[in-house]
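K.L.:
take a look and give me a structure for this.
(3 chains)
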Amino acid sequence: MGTVDGGEAGVAPERRGAAFERAEAADGRPVARVLLDSALPQLDHLFDYAVPAELADDLRAGQRVRVPFRSKDRRSFGYVIEFAERSDFGGELSPIADIVTLVPQLTPEVWRLARAVADRAGGSAGDILRLAIPTRQVRVEKKHLAAGPDGEIGETLAGGEAATAGETREAGEAAAAAATAGAAVTADAAAAPEIGASAATVAPAAPEPAPEQQVAEALVAGARLALTSSHGPERLHTGEWVGGWAAQLARLAIAVHALGRSAILVAPDYRDLDQLRDALAALGHPEIVRVDSRQSNAERYAGFLRALDPEPRIVLGNRSAVYAPAHELGAIIMWDDGDPVLAEPLTPYVHARDAALVRAGQSGAGLFFASHARSSEVQRLVDLGYVRAQQNPPRRARVVHADASMAPDAFAGRVPEFAARTIREGLRSGPVLVQVATPGYAPVAVCGDCGDLARCRACGGPVGFRVVGRASCRWCGEHAEGWRCPSCDGRRLEQRGMGSARTVEQFERQFEGARVILSDGEHPRESVDARPALVVATRGAEPLAAGGYRAVVLLDAERLLSLETLRAGEDCLRWWENAAALTAPDGICLMASGGGPVVRAFVTGRTEEWLHGELRDRHALRYPPAVRVASVSGGPDEVERALQQLAGLPGVDHLGPTPIPPGGPAKTPPGLVRAIVRFDYGQGSEVASRLRGALVADAAGSSSRTRGRAPGRARPEALRLRFDDRGVFDG
DNA sequence: AGCACGCCGACT
DNA sequence: GTCGGCGTGCTC
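P.N.:
The predicted structure follows:
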């Protein structure tokens, strides 16, 4: 028998790796409990297998194994979770067939986390493990084992592996960035008019004990903290610019690491991660484990193995980094938890914030939520006293409000005259940022004759102009050539609204001679230099400017606020604060339109009061995050059966079931319904386990109902659960 | 998922 | 009597 996938048979005992030595051995116990890889909810529990004599010495808890399943010679993969003296299973145990890799990939801590997180979300532990553990790469593993626990070749290895794919990757990039990017920025700065403020923002070498030291000590002792990070960019001594938040979090992670503990640093996207990486490198900590979606499998596995080493590490990554193994985890530090990218799009859809809360609760590690705008979820935890809010630093840039009502006559093109003046003034000495609501050219197409909104013939979605003169569906992308108005038979489509591309076009006319730069979701730009430029960016795609923007102008507030989502106000504050944070300390941030409580809160800086009130309203209405929610969808009978399981539970109610409109971007078949269950946090585990029970029962009885269907097609009326979906109330 | 088991109607 | 339809339940 031996091992599969080749390789291990020749691995000498001393090359088994430190993780192997530390993992629990069978120690003569004859039963191994295994979690199988399976998407089936009814298989989401441990199966007992016999430990065969020939594998007994090598078998460890956490190893990936092959086991016979369903019939004598059909094999399945799984992880050894634990060993036992005896089994409660009535039948005869099959033996474990093979050890896939000697490296115990699943640590006890990560297993407990996966189990708890899956239970909380009504999902399978295996689905969490798929996020937590990358697929094995034999070559990567051999090199790692050959280097030994102290051999720091991980980064080099990852770079080498990736280089064969012809791409510049992390290791090479980091070195190159250190060597060249600084020089490039310096050159840019030299060519540009000097920025008066930049000297003031250079991080001084702090002689007194840095505040990060105290925070790190508190975190390592298990503190849970929330901080609204200070605005403004910060210049690293390498010459690069990062957001001040990145330098701050990097110092904090390093301080945690200096205490002999691991730190997991989670940020929404690669642009944030790159800033953190640069800050860590500049602060003398290039040895990090990176987890992000742009990595090759080899890089990811190399990093994973290094995180598994019995050494404290700084793990830097996206939402799945919360599941990274980490030796002596001291703190989970999360940047901008309100960013929707931290919500996992794969089942069971667990938000990284929730996973971090569970993990910190289990391991005793500290928890640090930092952002420019607090999320309502963290605010709830602050209100409860579960998370302690730190004193917020004042904003450094001036924030002012100048909507059209202050100068009603003066709309020169895209922006009010006051804003236009601010832009011109800013452009004299450096870059200016204009944030717009919508990407593309014109977001809306209407009938040129009757003015009705144009709808897609294929799916009924809204039609807009992504590029000049070419209309297409915003949901399915179907081109609207030959469109005819259903109400007046008109054939001409008219452009309405102002997307980023159209704004650029107008600005090129309005601010003649200015260098206009577009950055949107499709073509994001990471940074701009300190020379004058008019940067038009959609929310979330704003480039970082060396030294900060002379002016940041926020457009389209009323359009953003009119988005009919439960979180419109909260999201707006986040978009605006994140843009405002890019302003130079002596620059200006201008809210160029809109009004009402959210805009007022932003302009006056009283966002926490607003959020507090918002949360109070949500309590009254039983909206998340004041309560938790779970959507239960599927066929009417299936949903009804699931809801019956919740009958009589206090603190639990539901809306619906209501029919799900068929079609749409998800191509929903007709006849399905959805209910939204709302429940108090204290009822979470009860609700989750009962709904999960309904799901298992539905899935177990499904084979009969599946019969006669096209093979490979999921049964559309099958019960589906989704907990804590941000978008359930958004239509 | 897939496959075995088992309980009723139609057949050599 | 027995073959085989398909609903039900299990997989260590």
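K.L.:
what sits against A:Gly126?
P.N.:
Neighbouring residues of A:Gly126 by Cβ atoms under 8 Å, 6 or more residues apart in numbering: A:35-39, A:44. Heads up, the C-betas are built off the backbone N, CA and C, glycines and all.
K.L.:
whoops, I mixed them up, A:Ala541
P.N.:
Applying Cβ under 8 Å, 6+ apart to A:Ala541 gives the contacts A:519-521, A:524-525.
K.L.:
go on, A:Arg70?
P.N.:
The contact partners of A:Arg70, by Cβ under 8 Å, 6+ apart, come to A:Ser76.
K.L.:
again, but for A:Arg492
P.N.:
A:447-449.
K.L.:
go on, A:Ile81?
P.N.:
Shown in contact with A:Ile81 (Cβ under 8 Å, 6+ apart): A:33-35, A:46, A:61, A:106, A:111.
K.L.:
if we can go back for a sec, farthest pair in the contacts of A:Gly126?
P.N.:
The distance between the two most remote of the contacts of A:Gly126 (Cβ to Cβ) is 13.0 Å, for A:Leu35 and A:Ala39.
K.L.:
settle it for me: which of these two has more neighbours?
P.N.:
Higher neighbour count among A:Leu35 and A:Ala39: A:Leu35, with 24 against 12, using other Cβ atoms under 10 Å.
K.L.:
hang on, that one packs against A:Asp127?
P.N.:
No. Using Cβ atoms under 8 Å, A:Leu35 makes no contact with A:Asp127, being 11.4 Å away.
K.L.:
what is the least confident helix or strand in chain A?
P.N.:
Least confident helix or strand of chain A, by mean pLDDT, DSSP states H and E, is helix A:182-191 with a mean of 28.
K.L.:
so which residues of the stretch 201-350 of chain A form helices?
P.N.:
Along the stretch 201-350 of chain A, the segments classed as helices by DSSP state H, counting those that start in this stretch run A:211-220, A:244-258, A:270-282, A:297-308.
K.L.:
of all these, which lies closest to DNA strand B?
P.N.:
Comparing these by their distance to DNA strand B (Cβ to the nearest atom of the strand), the top pick is helix A:297-308, with 25.4 Å.
K.L.:
residues touching the residue of the stretch 251-400 of chain A found nearest DNA strand B, list them.
P.N.:
Nearest residue of the stretch 251-400 of chain A to DNA strand B, counting by Cβ to the nearest atom of the strand: A:Thr347, 13.9 Å away. By Cβ under 8 Å, 6+ apart, the contact list for A:Thr347 reads A:123-124, A:127.
K.L.:
what do you get if the cut-off is 7 Å, keeping everything else the same?
P.N.:
A:123, A:127 (Cβ atoms under 7 Å, 6 or more residues apart in numbering).
K.L.:
from A:Leu721, how far off is it?
P.N.:
9 Å (Cβ to Cβ, to the nearest Å).
K.L.:
surely A:Val504 and A:Leu518 touch.
P.N.:
Yes. Counting by Cβ atoms under 7 Å, A:Val504 does reach A:Leu518; the two are 5.0 Å apart.
K.L.:
excluding chain neighbours, what is closest to A:Ile333?
P.N.:
A:Phe368 (4.4 Å; Cβ to Cβ, 6 or more residues apart in numbering).
K.L.:
and what about the one you found, helix, strand or coil?
P.N.:
Look at A:Phe368: counting by DSSP: H, G, I helix; E, B strand; the rest coil, its state is strand.
K.L.:
from memory it sits against A:Asp337, does it?
P.N.:
No. The criterion here is Cβ under 7 Å, and A:Phe368 misses it with A:Asp337 at 10.4 Å.
K.L.:
more crowded one of the two?
P.N.:
Comparing A:Phe368 with A:Asp337 by neighbour count (other Cβ under 10 Å), the higher total belongs to A:Phe368, at 28 against 24.
K.L.:
counting contacts, what elements does the host helix or strand of A:Arg550 pack onto?
P.N.:
Element membership for A:Arg550 (DSSP states H and E) is strand A:549-554. Where contact means 3 or more Cβ pairs under 7 Å, 6 or more residues apart in numbering; DSSP states H and E, strand A:549-554 is packed against helix A:417-427, strand A:431-436, helix A:568-580, strand A:583-591.
K.L.:
so which of these gets nearest A:Val291?
P.N.:
Using Cβ to Cβ, the nearest of the helices and strands packed on strand A:549-554 to A:Val291 is helix A:568-580, at 22.5 Å.
K.L.:
distance check, A:Pro650 against A:Arg692.
P.N.:
Here the criterion is Cβ to Cβ. By it, A:Pro650 lies 20 Å from A:Arg692.
K.L.:
please say which of those two ends up with more neighbours.
P.N.:
A:Arg692 (22 against 10).
K.L.:
give the contact list for A:Ala114.
P.N.:
So A:Ala114 contacts A:125, A:128-129, A:132 (Cβ under 7 Å, 6+ apart).
K.L.:
which residue ranges form the strands in the stretch 51-200 of chain A?
P.N.:
Secondary structure of the stretch 51-200 of chain A (DSSP state E, counting those that start in this stretch): strands located at A:64-68, A:75-84, A:98-99.
K.L.:
same list (these) but as a markdown table, adding distance to A:Trp610.
P.N.:
Output for these, formatted as a markdown table (distance: least, Cβ to Cβ, whole Å):
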| stretch | distance to A:Trp610 |
| --- | --- |
| strand A:64-68 | 49 |
| strand A:75-84 | 46 |
| strand A:98-99 | 56 |
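K.L.:
nearest residue to the spatially most central residue of chain A other than its sequence neighbours?
P.N.:
When Cα atoms, centre = their mean is applied to chain A, the residue found nearest the centroid is A:Leu342 (2.2 Å). Counting by Cβ to Cβ, 6+ apart, the nearest residue to A:Leu342 once its immediate chain neighbours are dropped is A:Ala352, at 4.3 Å.
K.L.:
I'd guessed the one you found sits against A:Arg319; true?
P.N.:
Yes. With contact defined as Cβ under 7 Å, A:Ala352 counts as touching A:Arg319 (3.9 Å).
K.L.:
give me the common contacts of those two.
P.N.:
Here A:Ala352 and A:Arg319 share the contacting residues A:266, A:342, scored by Cβ under 7 Å, 6+ apart.
K.L.:
show me chain A divided up by domain.
P.N.:
Recorded structural domains for chain A (assignment: automatic domain parsing) are A:2-158, A:176-389, A:398-618, A:628-723.
K.L.:
quick one: mean pLDDT for the last one?
P.N.:
Meaning domain A:628-723. Throughout domain A:628-723, pLDDT has a mean value of 85.
K.L.:
again, but for the longest one
P.N.:
Mean per-residue pLDDT for domain A:398-618: 86.
K.L.:
and it, end to end?
P.N.:
One end of domain A:398-618 sits 31 Å from the other (Cα to Cα, to the nearest Å).
K.L.:
and for the last one?
P.N.:
Using Cα to Cα, the end-to-end distance of domain A:628-723 comes out at 8 Å.
K.L.:
what about that domain, distance to the chain center?
P.N.:
26 Å (Cα atoms, centre = their mean, to the nearest Å).
K.L.:
can you check the first one too?
P.N.:
Centroid separation for domain A:2-158 versus its chain: 28 Å, with Cα atoms, centre = their mean.
K.L.:
can you check the longest one too?
P.N.:
Offset of domain A:398-618 from its chain centre (Cα atoms, centre = their mean): 23 Å.
K.L.:
what does the second one give?
P.N.:
Put simply, domain A:176-389 sits 13 Å off its chain's centre (Cα atoms, centre = their mean).
K.L.:
quick one: the residue nearest to the centre of chain A from DNA strand C, how far?
P.N.:
As for A:Leu342, its distance to DNA strand C is 33 Å (criterion: Cβ to the nearest atom of the strand, to the nearest Å).
K.L.:
so that residue sits against A:Asp269, correct?
P.N.:
No. At 9.4 Å, A:Leu342 does not count as touching A:Asp269 under the criterion of Cβ under 7 Å.
K.L.:
could you pull up the contacting residues of A:Leu316?
P.N.:
With Cβ under 7 Å, 6+ apart as the criterion, the residues that contact A:Leu316 are A:265, A:273, A:276-277, A:280, A:288, A:290.
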